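J.: Quick one: sequence plus predicted model below, questions after.
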Amino acid sequence: MPRQTPSQTVGPYFAYALTPGLYGRRAIAGNRLALADAPGEPIRIEGRVLDGNGSPVIDSLVEIWQAGPDGRIAPGAAGFGRCGTDDTGTYRFETVKPGAPGDGQAPHVMMTVFARGMLSHAFTRLLFSDEEEANAGDPVLAAVPEERRATLIARRQETAAGPVYRFDIHLQGEAETVFFDA
Amino acid sequence: MTDSTAAAPGGFAPRDWAQHPPYLSPEYKSTVLRSPRKPLIPMAQTPSVLTGPAFGQDAVDPLDADLTRNGRVNGEPLGERIIVTGRVLDEDGRPVPDTLLEIWQANAAGRYVHKWDRHEAPLDPNFFGAGRCVTDGQGRYRFTSIKPGAYPWGNHHNAWRPAHIHFSLFGPSFLTRLVTQMYFPGDPLLPLDPIYNGIPDGARELLISRFSIDVTEPVWALGYEFDIVLRGRKATPMEG
């Protein structure tokens, strides 16, 4: 039986291929999701990627995948977003708040983190701070040690531009974000 | 539910950590502060991970797969012309059709277009170094490009990356995502490269492409074959 092809780091120089809008080229996906134009609550998800020293990771790539406001996965790539971190380590996505899938899971956004210095990517899963009741019943969150659950909760802030959910990704350290093996 | 969910009713086989590099690989110095250290938490395969973004043939332009033409300004790019082709399969040997591949690489002199690449080697005005295509019904892909050059990096004294092409693939789900690098046969830099050596013994050779005289086109370009294997299907169903 064929064996899985090994992973390798995305390296420092992916931008002109994966986020080529910066180079005046057509991108296949960006940080404004097609879902952002769907009915629902427009939101921004924003945060920094930080290393074990708490320093910003300025050359990482974050991808997200989410359901629409009805909790269902839209066909195609409407629920997909991709953003490289800037020189402060910040990524941001313009999207709509996903709905609950209706199977006991809380509304959530799947996230993949790639970077120079990461030979394999890491999977995490963002939940929303204003969904306390749904989060309490979420089976994936329940499987996480209690003292680490807060790393998966994006904090809602009301801004003039609309609601922003803050979600920092700590690759390492005391506050290391929970990463999953799914 | 999308077609990709229907294609894997029992979910996907786990990431095989006997094949993939661990997060911490100290010889590659950037891993030291960027490696998650706490145990990964097992996660059920919910609908949001059994599905994934789908990009069809309409997402790409045929020119996207020809790196000798898609960055052309006033002439041919310099270097040795190559064809890189292969199949995307899953662990069960099934082809993975209609999946997006994105590639990027240095030019023949070992220089990337990227604004941070300060290597004192020339940029090629006619080579951009990025491409994409979607696999056909048999999981086959094909790129035309220029053989990338080796280049120095700051990991340790006299460190040089072997010639490589970066590959990014999606497969049918969020879980089948893969970013990897393809290398060339007989490269003397491979045994010295901590990124390549971060892969477990017995697995790293899978990233070395094969020279093929059959893929090689007379008086035009050398041919290399590189098959890519994504996660397969799980044998037994698992609850969502």
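T.: Structure's in. What do you need?

J.: wait, does stretch A:109-129 contact chain B?
T.: Yes: applying CB under 8 Å from any CB of the partner chain, one finds that stretch A:109-129 is in contact with chain B at A:110, A:112, A:114-123, A:125. Every C-beta, even on glycine, is put in place using the N, C-alpha and C of the backbone.

J.: quick one: which two of those residues are the most distant?
T.: By the measure CB to CB, A:116 and A:125 form the most distant pair in the residues of stretch A:109-129 next to chain B, at 23.4 Å.

J.: the more surrounded of those two?
T.: residue A:125 (25 against 20; other CB atoms under 10 Å in any protein chain shown).

J.: and the helix or strand hosting that one, how far out from the chain's middle?
T.: If you go by DSSP states H and E, residue A:125 is part of strand A:122-128. Remark: strand A:122-128 is offset 6 Å from the chain centroid, using CA atoms, centre = their mean, to the nearest Å.

J.: Give me the mean pLDDT for the next helix or strand after it.
T.: Later in the chain than strand A:122-128, the nearest helix or strand by DSSP H and E is helix A:132-136. The pLDDT scores in helix A:132-136 average 98.

J.: for stretch B:14-23, same thing?
T.: Average pLDDT, stretch B:14-23: 97.

J.: ok now that stretch, how far from the chain's centre?
T.: Counting by CA atoms, centre = their mean, stretch B:14-23 is centred 16 Å from the centre of its parent chain.

J.: Do I have it right that residue A:181 meets residue B:42?
T.: Yes: look at residue A:181 against residue B:42 with CB atoms under 8 Å: they come within range, at 5.6 Å.

J.: which of those two has more neighbours?
T.: residue A:181 (14 against 11).

J.: That one - nearest residue in space that isn't next to it in sequence?
T.: Nearest residue to residue A:181, sequence neighbours excluded (CB to CB, 6 or more residues apart in numbering or on different chains): residue B:40, at 3.9 Å.

J.: excluding its backbone neighbours, what's nearest the residue in chain B positioned nearest to chain A?
T.: Here the residue of chain B nearest chain A is residue B:30; by CB to the nearest CB that distance is 3.0 Å. Spatial nearest neighbour of residue B:30, chain neighbours left out: residue A:117 (3.0 Å); criterion: CB to CB, 6+ apart.

J.: And for residue A:2?
T.: Residue nearest to residue A:2 in three dimensions, not counting chain neighbours: residue B:229, with 4.5 Å by CB to CB, 6+ apart.

J.: who's in contact with that neighbour?
T.: Counting by CB atoms under 8 Å, 6 or more residues apart in numbering or on different chains, residue B:229 makes contact with A:2-5, B:88-91, B:206.

J.: I'd guessed residue A:52 sits against residue B:36; true?
T.: No: the pair residue A:52 and residue B:36 fails to qualify as a contact (CB under 8 Å) at a distance of 9.6 Å.

J.: quick one: common contacting residues for these two?
T.: Contacts common to residue A:52 and residue B:36, judged by CB under 8 Å, 6+ apart, are A:171-172.

J.: the more surrounded of those two?
T.: For residue A:52 versus residue B:36, neighbours defined as other CB under 10 Å are more numerous around residue B:36 (22 against 17).

J.: confidence score at the more buried one?
T.: 98.
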